[in-house]
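Visitor: Pasting the sequence and the predicted coordinates here, then a few questions.
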Amino acid sequence: MGTRALAVASHRLLGFAFANADLLLEIAADGQIAFAIGASEALSGSRETALVGRAWRDFIDARDRTMVQALLDGLTEGKRGGPLVVTLASKGGVERAAAMSVFRLPGNDGAISCTFSRAAPSASHGLHDKAGLEAVTAALFETNKATGLEMELAFIEMGGLTSLRKVLGPEAAKDMELRLAGALRAQSHGGGAAADLGGDRYALVRHTGESGEALAQRLLHLLAVDPAHGVEAMAKTLSLKGEASPAQVLRALRYSLDNFIKDGLDAAAPASLNEAVSRSVRRTLVEVGALGQAVADRNFRLVYQPVVDLKKSCAVHHHEVLVRFGDNASPFPMIRMAEELDLIEPLDIAVIERTIAKLVAEPTLKLAANISGRTITSSAFVEAVRTLLADNTKAQGRLLLELTESAAIEDLALADRHLQALRAEGILICLDDFGAGAASLAYLQQLSLDIVKIDGRYIRELQHGGRESTFIRHLVTMCAELGVRTLAEMVETPQAEEAVRRAGVDYAQGWLYGAPMDVAATTAGLANTNVKPAARRVGAVDGWG
Ligand code: C2E
Ligand code: MG
Ligand code: MG
């Protein structure tokens, strides 16, 4: 063997030695596979000898080619890249994947040594969206706690891409997009942890190493657009090292990504996970503080939505009270947060207090207030309602409570004792959102109820003639046997009204009869139904008939 041949052999051995792999390939500068050794057939379905002389591109699945191209193009001498999980070109329809690592030996004529180890195929061959990246990162964070690998989240802003797309025209812009996606994936952990956040902002998770500046420069290089177009790249990193719990990590990730999407890199980004966690906690506390303040100051409005009696010519039977904070937006996110943070009970009591004041002021009204599944297990809540009714005797006999299913009831027996105590005060109990949660049937079985409100999703599907009408008919029969009346919410069309009426439902609520409004409309404001407006009056306060 001559010295040249020896040098080449030792180079190859060096290349092979840097990883423990199933297959080693050497890719020459012209893109051809110059050398192959290892368990090629088992891994790829092709013999080593069949690989030599072919282009590497034929060996890799088309969906992963731009990523591998970026991995090879971004590799400087003496440096290692990967591992990336790549899908190999299909042989006989079997999906085979391998973790691919690359190394460029100095002075090897630009050839790149690659190792492949068998791996599970990755589910995605492109960029994630924000939610996808959150999920991938949270999972990585968990596994890396075990392996001790240090990871970081990189935020990347590409200035000038949007205008460049217009200059390039659709074909060239698509090519550039593919190159960019490949480049981002190639820099990310395993090739599967990069995301497009919209507005020329991207993020990826990778091993801690080089600076954000170096990452930005590499991406620009891989994007390979004429510098005259003035595209710029900027990147900042957030170390994922820290002692946070998985829930805190996820929250901190969301916080950081939201800030980046909103303000870009200009806003002072947190540098560490610990800082992101503490900032996200602070932000939550500010929101909680605002909600707590709103409750304490009674700084919310009530709106009223009519509920009609289908068996009495659609006369208004009562109104549901819905809370509004500031604007007219749905309070649902606030309610969820209040439930998470144990603020829901004071809110529910504050709403009932205002509802009772309204009942006192308007003696013909009957009102239904919502209470959370969290609140009903509190004896302090029951006491508070009793006291409020004792102090406002005029309101007695006209209050309903809707038990919502947004939070699960933990102790059904306790909840039922409380419901019975409330019913003894003349309050009617309605189970809200029936059928939305898994526990609905258990609630129906174990709670003392007067009315069951069928979840809006079933009513809205009725129009499409699905199996919902059978479900509703059976539910009505079952409720009738239990002595419980039924209410259909989200009745939006005369067809839906007709369907629930046929099913034997007692009451209805929805856009058809009126949206939630600042005043509790009695007959005015009702949308047309097949019943004459004159026939629709507020139900006389005849008990709860
Ligand atoms: P919910 O109790 O099931 O209230 C019905 C929701 O459906 C209301 O949304 C209402 O505006 C909407 N809606 C009414 N008719 C129609 C219709 O025909 N079509 C459609 N698509 N929607 C209709 P809102 O006001 O956003 O309330 C959302 C949820 O927030 C409520 O659901 C309830 O669970 C909760 N919530 C509201 N106010 C309070 C409160 O004071 N206390 C508690 N604990 N929860 C409340
Ligand atoms: Mg409700
Ligand atoms: Mg509902």
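Guide: Nice, I can see it. Ligands and ions are numbered 1, 2, ... in the order given.

Visitor: Doesn't Arg206 belong to a helix?
Guide: No - per DSSP: H, G, I helix; E, B strand; the rest coil, Arg206 lies outside any helix segment and is strand.

Visitor: List the contacts of it.
Guide: Neighbour list for Arg206: Met151, Glu152, Ala154, Gln187, Ser188, His189, Ala193, Leu215 [criterion: CB atoms under 8 Å, 6 or more residues apart in numbering]. The C-beta positions use only the backbone N, C-alpha and C, and glycine is treated the same way.

Visitor: Okay, and which of the residues you listed map to strands?
Guide: Met151, Glu152, Ala154 (DSSP state E).

Visitor: so how many other residues sit close to the nearest residue to the first one once chain neighbours are set aside?
Guide: Leaving out its chain neighbours, the residue that sits closest to Met151 by CB to CB, 6 or more residues apart in numbering is Leu240, at 4.5 Å. The local packing count at Leu240 equals 24, with neighbours defined by other CB atoms under 10 Å.

Visitor: how near is Leu240 to ligand 3?
Guide: According to CB to the ion, to the nearest Å, Leu240 stands 40 Å off from ligand 3.

Visitor: and the next element down the chain from the helix or strand encompassing Leu444?
Guide: Secondary structure from DSSP states H and E places Leu444 in helix 440-446. Remark: after helix 440-446, the chain's next helix or strand is strand 451-454, criterion DSSP H and E.

Visitor: pLDDT on that next one, on average?
Guide: Averaged across strand 451-454, pLDDT comes to 96.

Visitor: Any part of it near ligand 2?
Guide: No - Strand 451-454 is not in contact with ligand 2 by CB under 5 Å from the ion; minimum separation 6.6 Å.

Visitor: Give the other helices and strands that that strand contacts.
Guide: strand 428-434, helix 468-481, strand 485-488 (3 or more CB pairs under 8 Å, 6 or more residues apart in numbering; DSSP states H and E).

Visitor: a markdown table please, covering the ones you listed and showing mean neighbour count and distance to ligand 1.
Guide: Formatted as a markdown table, the helices and strands packed on strand 451-454 follow (neighbours: other CB atoms under 10 Å; distance: least, CB to the nearest ligand atom, whole Å):
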| stretch | mean neighbour count | distance to ligand 1 |
| --- | --- | --- |
| strand 428-434 | 23 | 5 |
| helix 468-481 | 16 | 15 |
| strand 485-488 | 25 | 10 |
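
Visitor: of all the ones you listed, which lies closest to Ala172?
Guide: helix 468-481 (50.2 Å; CB to CB).

Visitor: Show me what the mean pLDDT comes to for that closest one.
Guide: 89.

Visitor: so what secondary structure elements neighbour that helix?
Guide: Against helix 468-481 (3+ CB pairs under 8 Å, 6+ apart) you get strand 451-454, helix 456-462, strand 485-488, helix 494-503.

Visitor: dump the residue contacts of the residue nearest to Ala29 when sequence neighbours are not counted.
Guide: Excluding the flanking residues, the one nearest Ala29 by CB to CB, 6+ apart is Gly110, at 3.6 Å. Residues in contact with Gly110, defined by CB under 8 Å, 6+ apart, are Ala28, Ala29, Arg104.

Visitor: now Ala135: how far from ligand 2?
Guide: From Ala135 to ligand 2 the distance is 32 Å (CB to the ion).

Visitor: typo on my end, it should be Gln69
Guide: For Gln69, the distance to ligand 2 - CB to the ion - is 56 Å.

Visitor: what about the longest helix in the chain?
Guide: Using DSSP state H, we find that the single longest helix of the chain is helix 273-296.

Visitor: could you give the mean pLDDT of it?
Guide: The model assigns helix 273-296 a mean pLDDT of 76.

Visitor: Likewise for stretch 315-328?
Guide: Rounded mean pLDDT across stretch 315-328 is 93.

Visitor: what distance separates the helix or strand hosting Ala203 from the centre of its chain?
Guide: Taking DSSP H and E as the definition, Ala203 sits inside strand 201-207. Averaged C-alpha coordinates place strand 201-207 at 19 Å from its chain's average position (CA atoms, centre = their mean, to the nearest Å).
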